[in-house]
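Novice: pasting the structure only:
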Ligand SMILES: NC(=O)C1=CN([C@@H]2O[C@H](COP(=O)(O)OP(=O)(O)OC[C@H]3O[C@@H](n4cnc5c(N)ncnc54)[C@H](OP(=O)(O)O)[C@@H]3O)[C@@H](O)[C@H]2O)C=CC1
Ligand SMILES: CC(=O)[C@@H](O)[C@H](O)COP(=O)(O)O
Ligand SMILES: [Mn+2]
């Protein structure tokens with residue numbers, strides 16, 4: 001039996017992780033569940049999975065939860081997420097929390113030698129060098145959940161990372177892929193939240209529409225697979241059937257295909273290196289699909305992707321600024337305080353103003369993350 005600690009339990013990845021656990025109760029038990037403030041979503045999960053420990057985002061949520069439901073031990077905030085992630089009863093940490101708030105728990109779980117299934121890409125963007133250095137030191141497995149990275153990870157089984165010629169990440173193009181830049185001026189939040197292929201949380205859906213999601217994923221791939229930015233390509237693939245590809249030195253390309261169901265990569269991360277049946281997901285019907293399409297990525301159409309490549313190549317604290325500015329800007333867009341195109345403008349402003357620190361320690365990353373968010377928010381008041 002493997003004991004799972006799940007950060008971000010009430011989110012899109014969190015709920016799908018619990019669905020996988022529900023199908024394999026002989027293999028997995030929930031040890032701890034962490035979420036933000038959404039008590040209404042959390043209570044049924046607590047009743048069903050009976051975690052020994054629960055973590056909520058703040059004291060107010062703790063009080064509300066205690067009033068509504070007398071339950072097991074409740075912890076609070078970052079300290080709470082760290083405690084359950086390092087807990088001696090945790091076998092696998094599933095980090096599906098949203099944003100760079102997941103960084104401390106990841107680092108501390110690595111120190112405690114936990115296997116980590118990671119969906120939380122912002123952690124790798126903001127401090128990939130620290131996470132990978134620690135993972136190497138402690139010989140900890142970081143098992144990707146993000147669909148593209150799971151695809152690459154699957155293509156690399158039995159292969160040698162040193163023989164990779166390039167990684168090819170596929171991008172759906174997001175909600176506005178068929179619009180011109182001029183048309184983006186007047187798009188609404190409601191339109192932006194309509195992803196053509198995937199049903200996901202709000203932030204990653206907006207990131208897909210700006211193409212920042214693919215930018216974050218390029219940086220995530222750089223750290224997870226140790227591949228240079230020059231050897232990571234992004235191509236437009238509107239069907240999201242080929243989840244990503246690896247080209248080897250002999251020009252052979254391996255691809256992983258599947259339906260748009262995140263339970264496949266989630267389950268693979270939990271059962272790796274084995275595979276188990278996933279009866280509730282459909283088989284891919286290639287005859288019905290008939291054709292797959294691939295197009296060149298236009299950087300001038302998607303400036304966020306260009307900014308992410310540049311931030312990644314610059315390195316140091318630049319990816320921290322990229323991520324923090326983007327998290328703050330997307331949050332403002334979700335609150336309808338700024339327009340869609342202002343997201344990229346706010347990120348660009350922060351990147352151009354930033355004076356890079358090379359090889360930053362955790363403290364520097366935390367300070368820069370906080371200051372960047374503050375500046376972005378105050379710039380629109
Ligand atoms: N959804 C998807 O299909 C995919 C997601 N990812 C990545 O996975 C991560 C999660 O995405 P997704 O599930 O879509 O996000 P959601 O917005 O659906 O869920 C986010 C989860 O994090 C919790 N949370 C948010 N802020 C805090 C905080 N400050 N402290 C504690 N908990 C917090 C939320 O709690 P509450 O509900 O209480 O607010 C919720 O449980 C992201 O990094 C995303 O990029 C990667 C690939 C695919
Ligand atoms: C499901 C998943 O992994 C998302 O990150 C997805 O990749 C979003 O798709 P696009 O960014 O290609 O629109
Ligand atoms: Mn992805």
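Specialist: Received it, and whenever you're ready, just let me know what you need. Since this is a predicted model, take the numbers as computed values, not measurements. Residues are numbered from 1 along each chain as shown. Ligands and ions are numbered 1, 2, ... in the order given.
Novice: number of nearby residues for residue 347?
Specialist: Residues near residue 347, counting by other Cβ atoms under 10 Å, number 30. All C-beta atoms are positioned from the backbone trio N, CA, C, and that covers glycine.
Novice: and the contacts of stretch 84-95?
Specialist: Stretch 84-95 is touched from outside by 2-8, 13-14, 17, 31-32, 34, 52-53, 55, 75, 102, 105-106, 108-109, 111-112, 114-120, 123, 145, 266, 269-270, with contacts defined as Cβ atoms under 8 Å, 6 or more residues apart in numbering.
Novice: and stretch 62-72, by the same measure?
Specialist: Stretch 62-72 is contacted from outside by 39, 42-43, 46-47, 50-54, 56, 74, 76, using Cβ under 8 Å, 6+ apart.
Novice: looking at those, which is nearest ligand 2?
Specialist: residue 42 (23.1 Å; Cβ to the nearest ligand atom).
Novice: rewinding a little: give me the buried entries from the contacts of stretch 62-72.
Specialist: Buried members of those, scored by 16 or more other Cβ atoms under 10 Å, are 39, 42, 46, 51-54, 56, 74, 76.
Novice: got a markdown table for these, with pLDDT, distance to residue 89 and secondary structure too?
Specialist: Listed next are these as a markdown table, based on pLDDT from 0 to 100; distance: Cβ to Cβ, whole Å; DSSP: H, G, I helix; E, B strand; the rest coil:
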| residue | pLDDT | distance to residue 89 | secondary structure |
| --- | --- | --- | --- |
| 39 | 96 | 24 | helix |
| 42 | 97 | 20 | helix |
| 46 | 96 | 17 | helix |
| 51 | 96 | 11 | coil |
| 52 | 96 | 7 | coil |
| 53 | 96 | 9 | strand |
| 54 | 97 | 14 | strand |
| 56 | 97 | 19 | strand |
| 74 | 95 | 16 | strand |
| 76 | 97 | 19 | strand |
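Novice: of all the residues you listed, which two lie farthest apart?
Specialist: 39 and 52 (18.8 Å; Cβ to Cβ).
Novice: filter the contacts of stretch 84-95 down to the ones in helices?
Specialist: Of the contacts of stretch 84-95, the ones assigned to helices by DSSP state H are 13-14, 17, 105-106, 108-109, 111, 123, 266, 269-270.
Novice: which of the residues you listed are close to ligand 1?
Specialist: By Cβ under 6 Å from any ligand atom, the members of these lying near ligand 1 are 13-14.
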